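# sequence? don't have it. structure:
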Ligand SMILES: [Ca+2]
């Protein structure tokens with residue numbers, strides 16, 4: 001659009017000036033992202049289990065904890081009390097480290113990305129719940145579209161194996177520590193969700209992996225493989241997606257590190273939320 005001044009002359013000057021301002025603003029944004037990218041890359045190379053990484057997305061802080069590449073036993077031993085038959089222990093190797101969100105996704109985080117709140121219980125620091133697996137995929141896609149993950153990284157729902165690896169944080173028992181100190185569950189949860197991060201974290205600094213709300217994983221639910229596996233991503237197809245960790249309404253046995261549950265991907269429940277991870281990949 002051309003500009004006509006008081007003397008009747010036409011000029012593209014305002015447009016040029018506006019363009020220059022816009023370009024300088026974009027350059028500033030790129031600079032911020034560039035710095036973040038360098039910082040993240042540097043941290044990834046040097047990080048050890050539990051190291052923090054903080055992103056600010058539209059003024060809301062997303063804190064992640066480093067889960068380094070490694071091997072662990074997924075599932076439960078036959079000696080574990082209240083175990084289920086679908087928890088066959090097997091060795092899992094994760095060849096890529098990843099960054100797990102320190103807490104469940106809060107309603108604050110959800111609103112920032114999705115422009116609308118979800119949750120039967122309302123509160124900025126409460127975990128989002130009553131979200132379907134499909135809703136959570138949309139959340140991840142929008143989070144990626146914001147461009148806050150540097151080139152070579154993306155946000156994702158954790159795989160079931162990544163989730164259990166992060167939950168255990170090197171432990172091998174039924175829980176990653178003292179359940180009552182770490183989890184809001186049926187007998188201390190007072191029939192509601194609780195603000196994230198108010199119980200004790202596990203050894204890698206992750207809160208509420210046990211209890212508060214169940215967490216969707218990316219996998220289709222299916223039987224575990226017979227032998228040892230590398231970077232498993234669940235069944236190739238199915239009708240239900242995996243949920244992990246138990247909730248404010250769960251008996252303790254459902255909060256076990258190895259316990260597996262699943263629901264149809266369109267289901268929404270007031271004790272089922274989500275946690276995201278940041279992984280390598282385009
Ligand atoms: Ca949880």
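Great, that's in hand. These numbers come from a predicted model, not from an experiment.
# which strand or helix spans the closest residue to residue 185 other than its chain neighbours?
Once flanking residues are discounted, residue 185 sits nearest to residue 211: 4.4 Å by Cβ to Cβ, 6 or more residues apart in numbering. All C-beta spots, glycine's among them, are computed from the backbone N, C-alpha and C. Element membership of residue 211, judged by DSSP states H and E, is empty: it is in no helix or strand.
# OK, contacts around residue 211?
If you count contacts by Cβ atoms under 8 Å, 6 or more residues apart in numbering, residue 211 has them with 179, 182-185, 189, 199, 245-248, 250, 255.
# where does pLDDT dip in the protein?
1-46, 282 (pLDDT under 70).
# and the helices in it?
13-46, 107-114, 133-145, 160-168, 179-182 (DSSP state H).
# and the contacts of residue 211 near the ion, which?
residue 245 (Cβ under 5 Å from the ion).
# rebuild the contacts of residue 211 as a markdown table, extending it with neighbour count and distance to residue 84.
Shown next, in a markdown table, are the contacts of residue 211 (neighbours: other Cβ atoms under 10 Å; distance: Cβ to Cβ, whole Å):
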| residue | neighbour count | distance to residue 84 |
| --- | --- | --- |
| 179 | 20 | 18 |
| 182 | 22 | 21 |
| 183 | 29 | 19 |
| 184 | 28 | 22 |
| 185 | 23 | 18 |
| 189 | 18 | 22 |
| 199 | 23 | 25 |
| 245 | 28 | 15 |
| 246 | 28 | 13 |
| 247 | 29 | 17 |
| 248 | 25 | 21 |
| 250 | 25 | 14 |
| 255 | 26 | 13 |
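# looking at the contacts of residue 211, which is nearest the ion?
Distances from the ion to the contacts of residue 211, taken as Cβ to the ion, are shortest for residue 245 (4.1 Å).
# what sits against the closest one?
163, 167, 208-215, 255, 259.
# are any of those residues buried, and if so which?
163, 167, 208-215, 255, 259 (16 or more other Cβ atoms under 10 Å).
# residue numbers of the stretch 101-250 of the chain in contact with the ion?
208, 212, 245.
# switch the cut-off to 6 Å
104, 208-209, 211-213, 215, 245 (Cβ under 6 Å from the ion).
# so which of those residues sit within strands?
residue 215 (DSSP state E).
# ok, back up a step: out of the contacts of residue 245, which comes closest to residue 127?
Using Cβ to Cβ, residue 213 is the member of the contacts of residue 245 that lies nearest residue 127, at 4.6 Å.
# what is the neighbour count of the closest residue to the ion within the stretch 1-150 of the chain?
Closest residue of the stretch 1-150 of the chain to the ion, Cβ to the ion: residue 104 (5.3 Å). Using other Cβ atoms under 10 Å, residue 104 has 26 neighbouring residues.
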